[in-house]
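S.K.: 3D model of this:
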Amino acid sequence: MPDIFDRHLRRLRRDRAARGYDGFLRAAMIDGIVDRLDAVTRSFTDVLDLGAADHAFTLPGATIARCDAGAIFARGGVQADEDRLPFADASFDLVVSAGVLDQVNDLPGALALIRRVLRPDGLFLGAFAGAGSLATLRAVLRDAEPGVTRLHPQIDVRSAGDLLVRAGFALPVADTETLNVRYPDLFKLLADLRATGSTNLLRDRTPLTRATLARAAQTFAEHADPDGRTPERFEIVFLTGWAPDPSQPKPARRGSATTSLLEALKPKV
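M.R.: As a prediction, this is how the structure comes out:
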């Protein structure tokens, strides 16, 4: 299957972002990952931070390996694409990934590799911008340039959960949180996307002309609230999955229920 994203351009864009990185979106994702990790009653010693960017994820007492597609973000760690991980099987007991899985050519393959590098009963916690993100930007670009695709395809929460199952994770969970941001103009939004390495990485892309950009900026301004700021949202999809292990709870065997659904739904007297 041909690549959707330009791998070489992605490395260049991440290196450009590293020189003035603004990790507000990744920070929100890391916060959500930490919240979910806090609910886990066990310790982790060998961790992979996949899509390391600002190296902001820390875990007391753990050794953290960093991996990123960009050379500067991967400093002191490993430079590699998420669907081409070079790590040995069962190398880590925790893998976290914030803000990159929506830019991977082979996401099912990347998730399968993440599961493989985890030890039995190891935990994966991921987050990325999913379906519903950048709805305003998508609309104004569509109006300014009908028929041209400039934003990446997006993954909804249900498909994300299905991908976890397909990759072989046990106890898979996919859920979402919404982050709302208000912008003074389109150019500040585009600057934020450049600063996070999140601009157009599609292989089949065409340059954005000044005329198109001007039309989009005007339409974006027309969506503004009375105070002159235009709302934009990011739908953050969080993924949780465990590498299979015999010690994990199993779903009840089909047909083992002792009470029928009909009986359960009867009104109590």
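
S.K.: which helix is the longest one in the protein?
M.R.: helix 24-38 (DSSP state H).

S.K.: can you pull out the helices in the stretch 151-269 of the chain?
M.R.: Listed in chain order, the helices found in the stretch 151-269 of the chain under DSSP state H, counting those that start in this stretch are 157-166, 186-195, 210-222, 261-265.

S.K.: report the inter-axis angle for the helix or strand just after the longest helix of the chain versus helix 24-38.
M.R.: The first helix or strand that comes after helix 24-38 along the chain, using DSSP states H and E, is strand 46-50. Counting by axes from the mean of the first three to the mean of the last three CA atoms, to 10 degrees, strand 46-50 lies at 150 degrees to helix 24-38.

S.K.: pairing partners for strand 46-50, with directions?
M.R.: Paired neighbours of strand 46-50 in the sheet (DSSP bridges): strand 63-68 (parallel), strand 92-98 (parallel).

S.K.: just to revisit the earlier point, I'd like to know which elements the longest helix of the chain is packed against.
M.R.: strand 92-98, strand 118-129, strand 170-183, strand 230-242 (3 or more CB pairs under 8 Å, 6 or more residues apart in numbering; DSSP states H and E). Using the backbone N, CA and C atoms, a C-beta is placed for each residue, glycine as well.

S.K.: and the residue positioned nearest the centre of the chain, bridged to which residues?
M.R.: The residue lying closest to the centre of the chain (CA atoms, centre = their mean) is F128, at 1.6 Å. Residues in a beta bridge with F128, per DSSP bridges, are V237.

S.K.: picking up where we left off before, out of the strands paired with strand 46-50, deepest packed?
M.R.: Mean neighbour counts were taken over the strands paired with strand 46-50 using mean count of other CB atoms under 10 Å, and the top value, a mean of 25, falls to strand 92-98.

S.K.: what sits up against that one?
M.R.: 26, 29-30, 33, 37, 44-51, 53, 57, 59, 62, 65, 82, 114, 117-119, 121-128 (CB atoms under 8 Å, 6 or more residues apart in numbering).

S.K.: give me the mean pLDDT for it.
M.R.: When pLDDT is averaged over strand 92-98, the result is 98.

S.K.: can you check what angle separates it from strand 118-129?
M.R.: Using the same axes, to 10 degrees: strand 92-98 against strand 118-129 is 10 degrees.

S.K.: got the angle for strand 92-98 vs strand 230-242?
M.R.: Computed by the same axes, to 10 degrees, the angle between strand 92-98 and strand 230-242 is 170 degrees.

S.K.: just to be sure, S133 is in a helix?
M.R.: No. Under DSSP: H, G, I helix; E, B strand; the rest coil, S133 falls outside any helix and is assigned coil.

S.K.: check contacts around it.
M.R.: Q154, R233, F234, E235.

S.K.: tell me the contacts of L50?
M.R.: So L50 contacts C67, D68, E82, L85, V95, V96, S97, V100, I114, G126 (CB under 8 Å, 6+ apart).
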